[in-house]
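Pasting the sequence and the predicted model now:
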Amino acid sequence: MGVWLKPDVYPLLAAMTFATSMCLFQLTRNAFLNPDVRIKKAHRTTAILDNADEAQRYSQHRLRKFLGHRPPEIMPSINSFFSRSSDK
């Protein structure tokens with residue numbers, strides 16, 4: 001096994017593991033929490049589901065609520081430093 005697993009491959013394995021875990025997380029999140037996905041047979045019989053509150057909970061999750069009132073800047077201190085005018 002030592003011949004197949006070289007230290008040069010560790011960063012690639014880490015990146016691939018991270019990407020795969022993110023894909024699996026999103027797939028399971030969509031399968032179990034998305035209001036448009038119908039796994040149960042009872043939900044599949046109706047053409048239009050009355051699930052506005054479920055859709056609201058799905059779209060307005062905790063991360064979106066947390067970031068909703070913040071300015072859309074990644075590094076606000078650097079942005080303010082470079083956007084200040086030098087005319088003082």
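Looks like it arrived, so ask away. Numbers count the residues shown, from 1 in each chain.

Can you show me the helices along the chain?
10-33, 41-44, 52-59, 62-68, 76-83 (DSSP state H).

Need the pLDDT of residue 33.
At residue 33, the pLDDT value in this model is 80.

related to what we said a few turns ago, please identify which of the helices of the chain is closest to residue 4.
helix 10-33 (11.5 Å; CB to CB). Every C-beta, even on glycine, is put in place using the N, C-alpha and C of the backbone.

what does that closest one contact?
37, 39, 58 (CB atoms under 8 Å, 6 or more residues apart in numbering).

The second one and residue 62, how far apart?
In this case it means residue 39. As judged by CB to CB, to the nearest Å, residue 39 and residue 62 stand 23 Å apart.

about what we covered before: which of the helices of the chain comes out lowest on mean pLDDT?
Among the helices of the chain, helix 41-44 scores lowest, with a mean of 70.

Of all residues in the protein, which one is nearest the centre?
The chain has residue 26 as the residue nearest its centroid, 7.0 Å off, counting by CA atoms, centre = their mean.

returning to that earlier point: tabulate the helices of the chain (JSON lines), appending distance to residue 4.
Below are those laid out as JSON lines (distance: least, CB to CB, whole Å):
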{"stretch": "helix 10-33", "distance to residue 4": "12"}
{"stretch": "helix 41-44", "distance to residue 4": "46"}
{"stretch": "helix 52-59", "distance to residue 4": "43"}
{"stretch": "helix 62-68", "distance to residue 4": "39"}
{"stretch": "helix 76-83", "distance to residue 4": "44"}
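
Please work out how many residues are found near residue 32.
9 (other CB atoms under 10 Å).

Same check on residue 30?
12.

likewise the one 4 residues further on?
Neighbouring residues of residue 34 were enumerated by other CB under 10 Å; the total is 14.

these two touch, right, it and residue 57?
No. Residue 34 lies out of contact with residue 57 (CB atoms under 8 Å); the separation is 11.0 Å.

ok, residue 41 to residue 55 distance?
Counting by CB to CB, the gap from residue 41 to residue 55 is 21 Å.

And those two? Which one has more around it.
Taking neighbours as other CB under 10 Å, residue 41 and residue 55 compare with residue 55 leading, 13 against 7.
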